[in-house]
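Peer 1: I'd like to go over a predicted model; first the sequence, then the structure.
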Amino acid sequence: MVSIVIRTKNEEQWIGHCLRQIQKQTFKDYEVILVDNNSSDFTVEKAKAMMPDLILCSLEQFKPGKALNLGIRHAQGEYIVCLSAHCIPIDEYWLESLYSEIKKDEKVAGVYGRQLPMDQTHDIDRRDMYITFGLDKRVQYKDPFFHNANSILKKSLWEEVPFDEEEQNIEDRIWGQEMINRGYTLLYTPESMVYHMHGIHQTNKNGRYKNITRIIEETSAKIKSIPLEEYIICALIPILEDELESEISSKVFLDILNLLSTLKPLSYIVVTTNNKKNLQNFLSVYSMNIPFLIIHERKRSQERLLDVYTETIKYLKQQKIFIDIVLTTDISYPIKSKKIFESCLYELLKNDVDAVIPAYAQKRPTWVKQNEDYIRVDNYEVSKANREPIYIGLENVCMTTYSSKIKSFNTFFDNKIEMVIVDSPYYKIHLNDIDCIDDYDFFSSKVK
């Protein structure tokens with residue numbers, strides 16, 4: 001048996017991908033041990049919902065070696081796999097490859113596999129992973145480099161030399177050095193591959209690293225990151241009882257539902273309302289039968305939309321429905337398109353950001369009011385060709401974000417944001433600016 005030890009601390013965003021890939025492995029004789037360090041998100045709940053028979057260990061004060069030792073003490077396997085929660089096995093042969101390599105030679109103490117960046121990984125981390133984890137298999141007789149983000153070792157040797165519990169970051173290399181001192185070797189295999197979001201060193205943004213990674217990726221076969229289809233995605237739409245009584249509002253709402261039902265990556269459409277029964281009756285009248293539709297009745301009618309989203313995601317988690325990505329949209333800015341939804345989803349996965357919203361660029365004179373004064377915030381005195389635009393967000397058209405990010409929305413838009421710049425003026429139209437159904441249909445036709 002192989003015991004897979006996974007260390008977690010607020011890894012709700014990635015633990016689902018990690019466990020799903022483990023469940024797909026061709027090698028089935030394994031157990032999973034989760035060592036959690038006081039996660040304040042839904043890491044543990046999500047993991048237990050996906051894999052009820054995993055072994056859970058709790059750790060108060062985190063040190064890498066201490067966490068691994070705790071997990072291994074609960075392990076039944078002859079071999080121990082160390083895997084970071086934000087490392088995602090790339091294929092179904094990952095575990096089989098690690099296991100077969102360590103079985104081949106009694107002198108091999110441990111095997112570590114290849115780590116590849118994701119689309120969102122910072123450029124310095126991308127560069128380091130490409131350089132460190134190459135395509136050639138190698139046996140290390142003197143080099144103690146070993147990496148516990150993706151490795152396997154013999155439990156019998158761990159019993160002789162447990163991981164150092166005092167050092168913060170290099171418990172794997174300390175252990176590797178001791179194995180080499182005792183006459184064993186370490187082995188690197190490029191066949192056991194994982195995606196690693198964070199990389200092997202601390203991130204440091206710099207344009208030079210972007211150029212290096214561009215060259216590496218252009219001169220070698222680039223493995224694609226986790227495809228959109230592997231994410232559990234929900235669309236979230238708020239609607240109030242009185243809005244369904246308006247001819248235009250109800251038409252916009254139905255059109256949004258129909259549009260979202262054609263969006264293939266979606267796993268769920270969640271409608272949050274203040275009167276669930278009334279909404280159910282409304283949908284039945286219009287013969288709306290969407291099999292992956294969930295209706296959530298929220299507590300209060302008048303709330304900030306961001307608070308509504310927080311409450312709804314919390315409700316889903318209580319129902320053991322764990323979402324990876326949320327696409328929010330509402331009727332206040334009614335002109336929408338499948339293209340803008342898809343663009344915001346793909347941009348979220350391509351960039352290391354917390355959310356993506358549509359926006360339009362504005363180069364006109366712009367002020368903000370502070371107390372009684374108006375403060376210029378543009379650079380209108382610069383010639384138009386050189387003028388930097390101000391970007392106006394259209395988050396009510398749609399927003400994409402990770403479910404794990406919807407918990408501290410008081411400062412949400414202070415977080416890392418990417419924007420999809422729209423050229424069409426119709427996305428900027430507010431519901432209050434539309435006088436009749438014919439106008440709405442005309443505007444909608446311009447973005448399809």
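Peer 2: Perfect, thanks for sending it.
Peer 1: Could you check how far residue 24 is from residue 34?
Peer 2: Residue 24 sits 18 Å away from residue 34, going by C-beta to C-beta, to the nearest Å. The way it works is simple: take the backbone N, C-alpha and C, and place the C-beta from them, glycine included.
Peer 1: ok, these two, which is more surrounded?
Peer 2: Higher neighbour count among residue 24 and residue 34: residue 34, with 25 against 13, using other C-beta atoms under 10 Å.
Peer 1: Does the more buried one belong to a helix, a strand or coil?
Peer 2: The three-state label given to residue 34 by DSSP: H, G, I helix; E, B strand; the rest coil is strand.
Peer 1: Do you have the helices of the stretch 301-448 of the chain handy? List them.
Peer 2: Using DSSP state H, counting those that start in this stretch, the helices of the stretch 301-448 of the chain run over 305-318, 338-350, 437-445.
Peer 1: Any buried residues in stretch 184-197, and which?
Peer 2: Residues 184-189, 192-197 are the ones in stretch 184-197 that count as buried (16 or more other C-beta atoms under 10 Å).
Peer 1: on that earlier part again, JSON lines for the helices of the stretch 301-448 of the chain, including mean pLDDT and mean neighbour count?
Peer 2: Formatted as JSON lines, these follow (pLDDT from 0 to 100; neighbours: other C-beta atoms under 10 Å):
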{"stretch": "helix 305-318", "mean pLDDT": "89", "mean neighbour count": "18"}
{"stretch": "helix 338-350", "mean pLDDT": "93", "mean neighbour count": "19"}
{"stretch": "helix 437-445", "mean pLDDT": "94", "mean neighbour count": "14"}
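Peer 1: So which of these is nearest residue 371?
Peer 2: Nearest to residue 371 among the helices of the stretch 301-448 of the chain is helix 305-318 (26.1 Å), distances taken as C-beta to C-beta.
Peer 1: Take that closest one, keep the C-alpha atoms, and write them as CSV.
Peer 2: The C-alpha trace of helix 305-318 is given here as CSV (Å, rounded to 0.1, in the frame of the first residue of the first chain):
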residue,chain,number,x,y,z
LEU,A,305,-25.0,42.1,-3.9
LEU,A,306,-21.6,41.0,-2.6
ASP,A,307,-23.3,40.0,0.7
VAL,A,308,-25.9,38.1,-1.1
TYR,A,309,-23.2,36.1,-3.0
THR,A,310,-21.4,35.4,0.3
GLU,A,311,-24.6,34.1,1.9
THR,A,312,-25.4,31.9,-1.1
ILE,A,313,-22.0,30.3,-1.4
LYS,A,314,-22.1,29.6,2.3
TYR,A,315,-25.5,27.9,1.8
LEU,A,316,-24.1,25.7,-1.0
LYS,A,317,-21.2,24.6,1.1
GLN,A,318,-23.6,23.7,3.9
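Peer 1: helices or strands next to it in the packing?
Peer 2: Here helix 305-318 touches strand 233-239, strand 266-273, strand 293-297, strand 325-328, going by 3 or more C-beta pairs under 8 Å, 6 or more residues apart in numbering; DSSP states H and E.
Peer 1: got the angle for the third one vs strand 233-239?
Peer 2: Here strand 293-297 runs at 50 degrees with respect to strand 233-239, directions being taken by axes from the mean of the first three to the mean of the last three C-alpha atoms, to 10 degrees.
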